[in-house]
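Novice: Could you look at this predicted model? Sequence included:
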Amino acid sequence: MSERESTAHPLGQAADRPDISYCVVNTAGRDLLAACLAAIERHHPPQLTREVLVLDNASRDGSVELVRERFPWVRLLALSQRQGKAANDTLLLRTARGRYCLLLNEDSQLLPGAVEALVAALEADPGAAAAGARLLAPDGTPQDCAWRLPDVIWALAALVGLQRLAVESRGERVREVGWCQSSALLVRREAAAQVGYLDDRFFVYSDETDFQKRLRDAGWRILFVPQARCVHHDQLSSDPHAMRRRIVEFHRGRELYMRKHHGPVTRLIWRWAWTWFYTVRLVVSLLRPGDDPRRWRVHAWQQLVGGRGEGLREAAAHYNQSGAIAAG
């Protein structure tokens, strides 16, 4: 029996810690947070022991008051300063006591059977560190939520318009994948501790890719579990300034990931292949009614320069500063 297998305990029999810790990050999503917590309450498997943690990311929309008044059974971590998703998830993982930690965003709503399916997948595979749910749009349409790890093959596929070959959230069987979106990701806590949790140099975007890459490098597997379903709400703003900040942060995270895990040749191929892809999308958008050329123009430039300018990290810093001024 391997060391990983020998450390396993039967579910529901570990008196010193719960089977599962629900770890929810909320950033000014009061109504969505309420729906997320209500779904946890409705669909938690009664045979599993649990705790529920909410990290409120310095919201000013009444989220903290909501949790205290309507969900008193939740362990609340209320931040006074806004920080990045990687830092928030790490704080939750360090604070949680469960053997498994289910990372959730406030805009994620678990559906019946999701938790059972995710736990069953990790119980059946002691060498798996994380299991991702199938994410659905509010209308039930499946969202892409698992991919191969970024590499030359993915870059070359994008160069010829076949980038969707990297999507691995397909089929109806549990399968090993490169990485899963962390909007609904069950993590084996001992594996997360082994690799040092998430890297907070990633503010948001590519943080979960880097985390799962390091888990794989340490010998663990990542699973996609299609039977575990979770509604994921799209909170993307139509504000052009918010769009630009989000795109800057997206490419900043990608650039950090590529520098951390790949050499100069791979990085060069990746940069130019994706710059070409976004440039083609820009040209197409000029001819396609309803498409937004501004979005693809920003993507192309930010891919070329590696995410420069004001992103979500700077927006959070401004937010924190405005709160300090108001408090003063």
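Specialist: Nice, I can see it.
Novice: Tell me which helix or strand Tyr190 sits in.
Specialist: Careful, residue 190 is Glu; it's not Tyr. Here Glu190 sits within helix 189-194, counting by DSSP states H and E.
Novice: Secondary structure class of the spatially most central residue of the chain, three-state.
Specialist: Residue closest to the average C-alpha location in the chain (C-alpha atoms, centre = their mean): Ser182, at 2.7 Å. For Ser182, the reduced secondary structure class is coil; criterion used: DSSP: H, G, I helix; E, B strand; the rest coil.
Novice: for it, phi and psi?
Specialist: The phi/psi pair for Ser182 (degrees, to the nearest 10) reads phi -90, psi 10.
Novice: Flag the shaky bits of the stretch 1-150 of the chain, pLDDT-wise.
Specialist: Across the stretch 1-150 of the chain, the ranges flagged by pLDDT under 70 are 1-15.
Novice: Now do the host helix or strand of Leu156, average pLDDT.
Specialist: Under the criterion of DSSP H and E, Leu156 resides in helix 152-159. Average pLDDT, helix 152-159: 96.
Novice: Show me what the next helix or strand after that helix is packed up against.
Specialist: Elements were assigned by DSSP H and E; along the chain past helix 152-159, the next helix or strand is strand 175-176. Taking 3 or more C-beta pairs under 8 Å, 6 or more residues apart in numbering; DSSP states H and E as the contact definition, the neighbouring helices and strands of strand 175-176 are strand 221-232. For the C-beta atoms, the positions are set from N, CA and C on the backbone; glycine is no exception.
Novice: quick check: angle from the helix or strand following the strand it packs on to helix 152-159?
Specialist: Next along the chain after strand 221-232, taking DSSP H and E as the criterion, comes helix 240-261. Taking axes from the mean of the first three to the mean of the last three C-alpha atoms, to 10 degrees, helix 240-261 and helix 152-159 form an angle of 140 degrees between their directions.
Novice: give the contact list for the closest residue to Glu310 other than its chain neighbours.
Specialist: Nearest non-adjacent residue to Glu310, counting by C-beta to C-beta, 6 or more residues apart in numbering: Arg245, 5.9 Å away. Shown in contact with Arg245 (C-beta atoms under 8 Å, 6 or more residues apart in numbering): Glu310, Gly311, Leu312, Glu314, Ala315.
Novice: Include pLDDT and neighbour count when you put those residues into TSV, please.
Specialist: As requested, the contacts of Arg245 are exported to TSV (pLDDT from 0 to 100; neighbours: other C-beta atoms under 10 Å):
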residue	pLDDT	neighbour count
Glu310	96	14
Gly311	96	23
Leu312	96	23
Glu314	96	14
Ala315	96	18
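Novice: taking those residues one by one, which sit in strands?
Specialist: Under the assignment DSSP state E, the contacts of Arg245 contribute nothing to strands.
Novice: Now for the residues you listed: which two are most distant?
Specialist: By the measure C-beta to C-beta, Glu310 and Leu312 form the most distant pair in the contacts of Arg245, at 8.8 Å.
Novice: what's the distance between the nearest residue to Glu255 once chain neighbours are set aside and Arg189?
Specialist: Once flanking residues are discounted, Glu255 sits nearest to Gly306: 3.9 Å by C-beta to C-beta, 6+ apart. According to C-beta to C-beta, to the nearest Å, Gly306 stands 33 Å off from Arg189.
Novice: higher neighbour count, those two?
Specialist: Under the neighbour definition other C-beta atoms under 10 Å, Gly306 and Arg189 were set side by side, and Arg189 has more, 21 against 15.
Novice: For the longest helix anywhere in the chain, buried residues please.
Specialist: For the chain, the helix that runs over the most residues, judged by DSSP state H, is helix 264-287. Taking 16 or more other C-beta atoms under 10 Å as the neighbour-count basis, helix 264-287 is seen to contain the buried residues 267, 269-271, 273-279, 281-282, 285.
Novice: swap in stretch 188-197?
Specialist: Across stretch 188-197, burial judged by 16+ other C-beta under 10 Å covers Arg188, Arg189, Ala191, Ala192, Gln194, Val195, Tyr197.
Novice: how distant is that stretch from the center of its chain?
Specialist: Stretch 188-197 has its average C-alpha position 16 Å from the chain's average C-alpha position, going by C-alpha atoms, centre = their mean, to the nearest Å.
Novice: cool, and stretch 279-299?
Specialist: On the basis of C-alpha atoms, centre = their mean, the separation between the geometric centre of stretch 279-299 and that of its chain is 26 Å.
Novice: Residues contacting that stretch, please?
Specialist: The list of residues contacting stretch 279-299 from outside it, by C-beta under 8 Å, 6+ apart, reads Gly161, Pro240, Met243, Arg244, Ile247, Val248, His251, Tyr278, Ala300.
Novice: Now render these as CSV, adding distance to Val64.
Specialist: Formatted as CSV, the contacts of stretch 279-299 follow (distance: C-beta to C-beta, whole Å):
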residue, distance to Val64
Gly161, 46
Pro240, 30
Met243, 28
Arg244, 29
Ile247, 30
Val248, 29
His251, 32
Tyr278, 39
Ala300, 40
